[in-house]
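Chemist: here is my input; please provide its structure:
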Amino acid sequence: MEENYIVSARKYRPTTFSSVVGQKALTATLRNAIATNRLAHAYLFCGSRGVGKTSCARIFAKSINCEHPTPQGDPCNECHSCRAFNENRSLNILELDAASNNSVNDIRELVDQVQIPPTEGRYRVFIIDEVHMLSQAAFNAFLKTLEEPPSYVVFVLATTEKHKIIPTILSRCQIYDFARITIADMIDHLAYVAEQEGITAERAALNVIAQKADGAMRDALSIFDQVAASSGGNITYQSAIDNLNVLDERYYHRLVEAFAKGDVPSALLIYREIRDHGFDSHFFITGLADYLRNLMVARDPRTAALLDSTDEVRASMAAQGAALAPEFFYKAMSLCNEADLDYRQASSKTFLVELLLIRLCQQVCPSPGSESGNGEGRGLKPIQPLSAPAPVPPASPSSPITPISVSYTHLTLPTI
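Modeler: The predicted model follows:
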């Protein structure tokens, strides 16, 4: 009988602090707290989806009950407590999903559970996920227990929306803010997963998947499974962008080259290619704005770190961005923003985008450090004012003004 398939997000879920991706500073703090036995009674883990909040809460709960923790502060995964947790039969670690258990009665049941000491091990750990979903009455019912729990109880709360939690709860917790996973960390982890699964994957393809995941490791693993299934275990750059319906950045690269030359026909033809591939024009505008922003930050070494990508991509974008003046990027992003705001009201979406491309071709001026040749075809030439008529020279004071003589014809009226 074949093994049941397990998705990568579950199969490669971290089980030790060492295997958590992209949260080194935070996991080091938790390890130190465990090693020095300086445990708080309540923790709040905050961060966007898929960054490891619940996974870290489980590892933390397992570690503080581990009988033989490693010198690095990780659980051994071999003692009775660790095995019980890994097999989902531990009575010392309880999880509550506040999204579906958010009433006062649910919290009262939890408070009743708090009064029961552990039968084995040192701590009972209560993990409350999506804690911001608790009702106001449930929050109030939880306050007293959260402030003064029994000595054997530790609460770990997790939320994606910290601003929705009332201040009285926040003041009773140690707060840990989880960072978004960087592109480089996601690519490295996806490469490891691909190696374990016997899948060949191009780095460029993994970069596309990481960009699509938007800082969430769980999303990246789900997308990885999707692309791997469609590409038959050989993930290429082309298969990734085709499967995910991602607009190839090479289009944007060609467009910027057309802008640099002031080549309006080429820009319009590239846009037609994009439309023929079925991409939405609004999606194209926002993608172009993002690409221009990334070029701008990549061209300056001081801001290159703001581009969340690999070193190879940074170097490539820096080379293209250096050929353009900073003023172009400021104006170009402003034009893209205007087009984004006007898109919904525009009666002709295609005309709006084409006008944007024409204006972008007219805005480009060479970077001060680049070779611009004779500069023809770059930027708009200023309109020369119409030549004014030559002024009449003033009369010399020494020359008298000759009066104009006017002759009048006298009419003789007939006598009546």
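Chemist: can you list contacts of stretch 113-127?
Modeler: Contact with stretch 113-127 is made by 39, 54, 57-58, 60-61, 64-65, 80-81, 91-96, 110, 145, 149-150, 152-158, as judged by C-beta atoms under 8 Å, 6 or more residues apart in numbering. C-beta coordinates here come from the backbone N, C-alpha and C atoms, glycine included.
Chemist: now do the strands in the chain.
Modeler: 42-46, 93-97, 124-129, 153-159, 174-177, 200-201, 234-235 (DSSP state E).
Chemist: and the longest helix belonging to the chain, what other elements does it pack with?
Modeler: In the chain, assigned by DSSP state H, the helix with the most residues is helix 281-299. Applying 3 or more C-beta pairs under 8 Å, 6 or more residues apart in numbering; DSSP states H and E, one finds that helix 281-299 makes contact with helix 249-261, helix 264-276, helix 311-321, helix 326-342, helix 349-363.
Chemist: how far off helix 326-342 does that helix point, in degrees?
Modeler: 160 degrees (axes from the mean of the first three to the mean of the last three C-alpha atoms, to 10 degrees).
Chemist: picking that back up, list only buried entries from the contacts of stretch 113-127.
Modeler: For the contacts of stretch 113-127, a burial check counting by 16 or more other C-beta atoms under 10 Å picks out 54, 57-58, 60-61, 64-65, 81, 92-93, 96, 110, 145, 149, 153-158.
Chemist: show me where pLDDT drops low in the stretch 251-400 of the chain?
Modeler: Scanning the stretch 251-400 of the chain for pLDDT under 70 picks out 364-400.
Chemist: list the buried ones in stretch 323-337?
Modeler: Ala323, Leu324, Ala325, Phe328, Phe329, Lys331, Ala332, Met333, Leu335, Cys336.
Chemist: next: stretch 304-312.
Modeler: Ala304, Leu307, Asp308, Ser309, Thr310.
Chemist: farthest-apart pair in those residues, please.
Modeler: By the measure C-beta to C-beta, Ala304 and Thr310 form the most distant pair in the buried residues of stretch 304-312, at 11.9 Å.
Chemist: tell me the pLDDT at Ser103?
Modeler: With respect to pLDDT, Ser103 scores 85.
Chemist: wait, what's in contact with it?
Modeler: Counting by C-beta under 8 Å, 6+ apart, Ser103 has contacts Ser135, Ala137, Ala138.
Chemist: Pro75 is nearest to which of the helices and strands packed on helix 281-299?
Modeler: So among the helices and strands packed on helix 281-299, helix 311-321 is nearest, using C-beta to C-beta, at 34.5 Å.
Chemist: export the closest one to CSV, keeping only CA atoms.
Modeler: Extracted in CSV, the C-alpha atoms of helix 311-321 (Å, rounded to 0.1, in the frame of the first residue of the first chain):
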residue,chain,number,x,y,z
ASP,A,311,22.4,39.1,-5.0
GLU,A,312,22.4,38.1,-8.7
VAL,A,313,19.0,39.9,-9.2
ARG,A,314,20.2,43.0,-7.4
ALA,A,315,23.4,43.2,-9.5
SER,A,316,21.4,42.8,-12.8
MET,A,317,18.8,45.5,-11.8
ALA,A,318,21.6,47.8,-10.5
ALA,A,319,23.2,47.7,-13.9
GLN,A,320,20.0,48.6,-15.8
GLY,A,321,19.0,51.3,-13.2
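Chemist: from the contact counts, what lies against it?
Modeler: Partner elements for helix 311-321 (3+ C-beta pairs under 8 Å, 6+ apart): helix 249-261, helix 281-299.
Chemist: what's the closest of the strands of the chain to Ala184?
Modeler: Nearest to Ala184 among those is strand 200-201 (15.3 Å), distances taken as C-beta to C-beta.
Chemist: which strands or helices does that closest one pack on?
Modeler: Partner elements for strand 200-201 (3+ C-beta pairs under 8 Å, 6+ apart): helix 183-197, strand 234-235.
Chemist: residues making contact with the last one?
Modeler: Okay, so that is strand 234-235. With C-beta under 8 Å, 6+ apart, strand 234-235 has contacts from Ala194, Ile199, Thr200, Ala201, Glu202, Ala205, Leu206, Phe224, Val227, Ala228.
Chemist: distance between that strand and the chain's centre?
Modeler: 25 Å (C-alpha atoms, centre = their mean, to the nearest Å).
Chemist: surely Asn32 touches Leu39?
Modeler: No. Counting by C-beta atoms under 8 Å, Asn32 does not reach Leu39; the two are 11.0 Å apart.
Chemist: joint contacts of these two?
Modeler: By C-beta under 8 Å, 6+ apart, no residue touches both Asn32 and Leu39.
Chemist: thinking again about what came up before, show the buried residues in the contacts of Ser103.
Modeler: Buried, going by 16+ other C-beta under 10 Å: Ala138, out of the contacts of Ser103.
Chemist: show the contacting residues for the spatially closest residue to Thr286 that is not a sequence neighbour.
Modeler: Spatially, and ignoring its direct neighbours in sequence, Thr286 is nearest to Asp340 (6.3 Å; C-beta to C-beta, 6 or more residues apart in numbering). Going by C-beta under 8 Å, 6+ apart, Asp340 touches His282, Ile285, Thr286, Ala289.
Chemist: count of residues packed around the first one?
Modeler: For His282, the number of neighbouring residues by other C-beta atoms under 10 Å comes to 15.
Chemist: surely His253 and Ala323 touch.
Modeler: No. If you go by C-beta under 8 Å, His253 and Ala323 don't touch, sitting 11.9 Å apart.
Chemist: and the contacts of stretch 331-339?
Modeler: 259, 285-286, 288-289, 292-293, 296, 352-353, 356, 359-360, 363.
Chemist: perfect, I'm done here.
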